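K.L.:
Provided below are the primary sequence and the corresponding predicted coordinates.
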Amino acid sequence: MKQKVVKLLSRESRKLKKSEIEKIIEVPQNSDFGDYAFPCFPLVSIFKRNPEQIAQDLAKKLQKKLPREIEKIEVAGAYINFFVNKKILAKDVIKKAIDKNYGKGNYRARVMVEFSQANTHKAFHIGHIRGTSLGESLARILEFNGINVVRANYQGDAGMHVAKWLWCYQKYHKKQKLRKDESWIAEIYVDAVRRLTKDKTKGLQVEVDEINRKLEKAKNKKLMSLWKKTRKLSLDVFETIYRDLNTKFDVYFFERSMEKQGKQIAFELLKKGIAKKSEGAVVMDFEKQGLGVLVLLRKDGTVLYSAKDIALAEKKFKKYKIDSSIYVVGNEQNLYMKQLFKTLELMKLKQASNCKHITYGLVRLPTGKMSSRTGENILYSDFKKEIMDFAKKRIKQREPGLKKQELDKRALAVGISAIKYSMLKQDSKKSFIFIKKDALNFEGNSGPYLQYSYARASSILRKLKGIKLSKKLITEVNPYEFKLLKKISEFPEIINKAYTNLDPSLIANYSYQLAQIFNEFYHVCPVIKAENQQFRVDIVKAFKNVLGNCLNLLGIEVLERM
RNA sequence: GCUCCUGUAGCUCAAUGGAUAGAGCGAUACCCCCCUAAGGUAUAGGUUGCAGGUUCAACUCCUGUCAGGAGCACCA
């Protein structure tokens, strides 16, 4: 529809390019001003007249050539307002939006999305959910647009945090049995950090460093066996969480397996003079570019995260034949990511410019930062229990006799949708303040509200089975029907924007507006008892298809019943 | 100290440089004869941190300033 307006305008004002016109055209927030509006201010410099006059004259010309899709135009000040023919729009939107492929993009590329990157031997807290949800949603958005996506998870199963954990366990908690329990694993780590910070002599850190070296050498059988076992405990916990979150990875990378190549690359960079030795360590010096210093190897020769990540970048392009690589990584690593990409560039990795960092803000508690070092956080497992209990209560109120399996399934879907949606709906680069009371609120602008709207649409269509629809022709499109259809018609544009900006919040906010409009429609326009039954059913079908796709793109499960 | 990000209603957030800055939560008052009330309707709530500038037009862009957050050498 918008294209019709563009076409009409471009015929009458040749001095403007189509793409420029398209940019100027807007959808007024107040629908009294029409369906599309064209402000004539930008034409002032071309026609050298005041914008109101331009609008008048242009409108006069347009008036004579209105296509049937456009019912009328009006001039208001410097604006030309377009009113579309509701019946034609309705027919057009329904036809397109009922199709499963509605809004899908047609791009071709192979892209790796690396996200989640949880560390073993540490807590998986609700902060980790943000990165995981964001990555999964981005992957889905890319796929919806035709991209061949490789989901990758780079898990931190090696490094100083692992050494700390093993040290602490061996020295202070050896009598405790190993447990596949997130909070227990987290506690040991917190204890390690606490002991190390308290130790002013730094004697304990020397012990940890020793363990770190032993780990890297991998000769001490007892230590390696403990590492293997505990590593698996963590990884198993993560897998159950990913299942809850609707995320499946195609590739797992482990820090441990990048150590050798990481070290090698660090030495090569040193040899080529790209890296240098400083205070005994091997570093990349970016001081001149204002990007500080990136340390690759410690002075005791052990390898750091940075060097491993460089090795991984190479491997990604070589082995997985991807065109570009997206890193979904928190904003506390903004500088580090710049350093990493700069290093790849200096190494002359030809795909260096195809690496992109998608940053996201920390999840904070109202009291401040969340940290797995201090234990100031909310563990996923604890939060899940709470939200599941709450969701179950709500579901039972509606359907007391529901079977346990179905009850659990729905409660999980609702709970996960609440947390995911709340995190995805806002600008991902802003920090997210986690307020438990709000997370447990399933009303208003929330994930469950969207699911509920979807379930309502499903319910209508379900009740229709066996009823013969009256095929009465559309005589009139009422304001509620029209508003909903118009919103549905915006879907492809939203998808495209979400794709180019790599921003799921656009879809989240659209979904909410769409659901809101549907609920207004729902209250005013009965479907089953309607005269123009077929028309209303089609609208519901189109809505259900579009909202279903939105929820899918956000990684939120749709529920036929709620 | 330097770099980056963010300041919008009591709280949490929206708003491709365009018409009267919108939602949710919370508060108050309505609506189940009716396809799921996890819903809908209405009211109250704003000098968009502050000061300049650019522009026909600024929450949006620029400069300064204040406040909060993150980062800045062997953590990941």
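P.N.:
Structure's in. What do you need?
K.L.:
check contacts around A:Val150.
P.N.:
A:Arg110, A:Val111, A:Met112, A:Val113, A:Asp250, A:Val251, A:Tyr320, A:Ile322 (Cβ atoms under 8 Å, 6 or more residues apart in numbering). C-beta here means a position set from N, CA and C on the backbone, and glycine is covered the same way.
K.L.:
Out of these, grab the one that's most surrounded.
P.N.:
A:Val113 (32 neighbours; other Cβ atoms under 10 Å).
K.L.:
returning to what we had before: in strands, which of the contacts of A:Val150 fall?
P.N.:
Among the contacts of A:Val150, the residues falling in strands (DSSP state E) are A:Arg110, A:Val111, A:Met112, A:Val113, A:Val251.
K.L.:
just the helices in the stretch 51-200 of chain A please.
P.N.:
Taking DSSP state H, counting those that start in this stretch to define them, one finds helices in the stretch 51-200 of chain A at A:51-64, A:86-97, A:126-144, A:160-172, A:182-198.
K.L.:
quick one: the strands in chain A?
P.N.:
A:36-39, A:70-76, A:79-84, A:110-114, A:148-155, A:251-254, A:276-278, A:281-285, A:293-297, A:324-330, A:355-360, A:363-365, A:368-369, A:432-433.
K.L.:
Give me the neighbour count for A:Glu386.
P.N.:
The number of residues packed around A:Glu386, counting by other Cβ under 10 Å, is 14.
K.L.:
Please verify my assumption that it contacts A:Lys437.
P.N.:
No - with contacts defined as Cβ atoms under 8 Å, A:Glu386 does not count as touching A:Lys437, sitting 11.3 Å away.
K.L.:
Using TSV, lay out the strands of chain A together with mean pLDDT and distance to RNA strand B.
P.N.:
Putting those into TSV (pLDDT from 0 to 100; distance: least, Cβ to the nearest atom of the strand, whole Å) gives the following:
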stretch	mean pLDDT	distance to RNA strand B
strand A:36-39	94	3
strand A:70-76	93	4
strand A:79-84	95	3
strand A:110-114	98	13
strand A:148-155	98	9
strand A:251-254	97	10
strand A:276-278	97	3
strand A:281-285	98	3
strand A:293-297	98	4
strand A:324-330	97	8
strand A:355-360	97	8
strand A:363-365	92	7
strand A:368-369	84	4
strand A:432-433	94	4
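K.L.:
CSV please, covering those strands and showing distance to A:Leu469.
P.N.:
Formatted as CSV, the entries for the strands of chain A read as follows, by distance: least, Cβ to Cβ, whole Å:
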stretch, distance to A:Leu469
strand A:36-39, 32
strand A:70-76, 28
strand A:79-84, 26
strand A:110-114, 43
strand A:148-155, 40
strand A:251-254, 48
strand A:276-278, 76
strand A:281-285, 68
strand A:293-297, 66
strand A:324-330, 46
strand A:355-360, 46
strand A:363-365, 48
strand A:368-369, 57
strand A:432-433, 46
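K.L.:
What residue spans form the domains of chain A?
P.N.:
With automatic domain parsing as the criterion, the domains of chain A are listed as A:2-84, A:115-257+A:312-369, A:380-553.
K.L.:
between those, which one is nearest to A:Lys271?
P.N.:
Of all those, the one in closest proximity to A:Lys271, counting by Cβ to Cβ, is domain A:115-257+A:312-369 (12.2 Å).
K.L.:
Can you report how many residues neighbour whichever residue of the stretch 151-300 of chain A sits closest to RNA strand B?
P.N.:
With Cβ to the nearest atom of the strand as the measure, the residue in the stretch 151-300 of chain A that lies nearest RNA strand B is A:Gly159; the distance is 2.5 Å. With neighbours defined by other Cβ under 10 Å, the count for A:Gly159 comes to 22.
K.L.:
Look up how far A:Ser257 lies from it.
P.N.:
As defined by Cβ to Cβ, to the nearest Å, A:Gly159 lies at a distance of 13 Å from A:Ser257.
K.L.:
same thing with A:Arg536?
P.N.:
In this structure, A:Arg536 and A:Ser257 are 57 Å apart, going by Cβ to Cβ.
K.L.:
quick one: which of the two has more around it?
P.N.:
Applying other Cβ under 10 Å to A:Arg536 and A:Ser257 shows that A:Arg536 carries more neighbours, namely 20 against 16.
K.L.:
Just the pLDDT at the residue nearest to that one when sequence neighbours are not counted, thanks.
P.N.:
Leaving aside its chain neighbours, A:Arg536 sits nearest to A:Val527 (4.4 Å; criterion: Cβ to Cβ, 6 or more residues apart in numbering). Confidence at A:Val527, expressed as pLDDT, is 95.
K.L.:
Report the contact partners of A:Val527.
P.N.:
For A:Val527, the contact set (Cβ under 8 Å, 6+ apart) comprises A:Ile460, A:Leu464, A:Gln533, A:Arg536, A:Val537, A:Val540.
K.L.:
7 Å instead, please
P.N.:
A:Ile460, A:Arg536, A:Val537, A:Val540 (Cβ atoms under 7 Å, 6 or more residues apart in numbering).
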